[in-house]
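# generate a structure from the sequence data that follows.
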Amino acid sequence: MFTMITLLKTCCIYTELTDMAENQILLRAAVRGRCIEKFGSQVQATQWDYILLKGAQKKIELDLRNLFDAGLVRQSLKIISAAQTVEDLAQLKSAKIV
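The predicted structure follows:
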């Protein structure tokens, strides 16, 4: 039988997990949105967990699955904002040349 304390603990854990999931959605959306805003015509594909961009020399795939850290997202947004070409995105920790 659930006690009130057990019920409250369960609700708090659920709320923490929900908040973490919502934050990850926002973090991914920020990176994805900045890439589309900056390099929209060079976006070849975008999904929940990645974005594929075609530069003049290379294709870059950004893996969005592990964007949990707000500091990493801020750093990524700075790099994206400063990038002049798609190839400049290769310096992102989540980037892979394909």
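# for the protein, what helix or strand is lowest in average pLDDT?
Lowest mean confidence among the helices and strands of the chain (mean pLDDT, DSSP states H and E): helix 4-39, at a mean of 63.
# beyond it, next helix or strand please.
As assigned by DSSP states H and E, the chain's next helix or strand after helix 4-39 is strand 43-46.
# for that following strand, list every residue counted as buried.
By 16 or more other CB atoms under 10 Å, the buried positions in strand 43-46 come out as residue 43. The way it works is simple: take the backbone N, C-alpha and C, and place the C-beta from them, glycine included.
# swap in stretch 33-43?
Of the residues in stretch 33-43, those buried under the neighbour-count criterion (16+ other CB under 10 Å) are 34-35, 38-39, 42-43.
# okay if I get those as JSON lines plus distance to residue 66?
Converted to JSON lines, the buried residues of stretch 33-43 look like this (distance: CB to CB, whole Å):
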{"residue": "34", "distance to residue 66": "17"}
{"residue": "35", "distance to residue 66": "16"}
{"residue": "38", "distance to residue 66": "21"}
{"residue": "39", "distance to residue 66": "21"}
{"residue": "42", "distance to residue 66": "23"}
{"residue": "43", "distance to residue 66": "20"}
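# ok, so of the residues you listed, who is nearest residue 54?
Among the buried residues of stretch 33-43, residue 42 lies closest to residue 54 (CB to CB), at 5.4 Å.
# pretty sure that closest one sits against residue 55.
Yes. At 6.6 Å, residue 42 counts as touching residue 55 under the criterion of CB atoms under 8 Å.
# hey, what's in contact with both of the two?
Taking CB atoms under 8 Å, 6 or more residues apart in numbering as the contact rule, residue 42 and residue 55 both touch residue 86.
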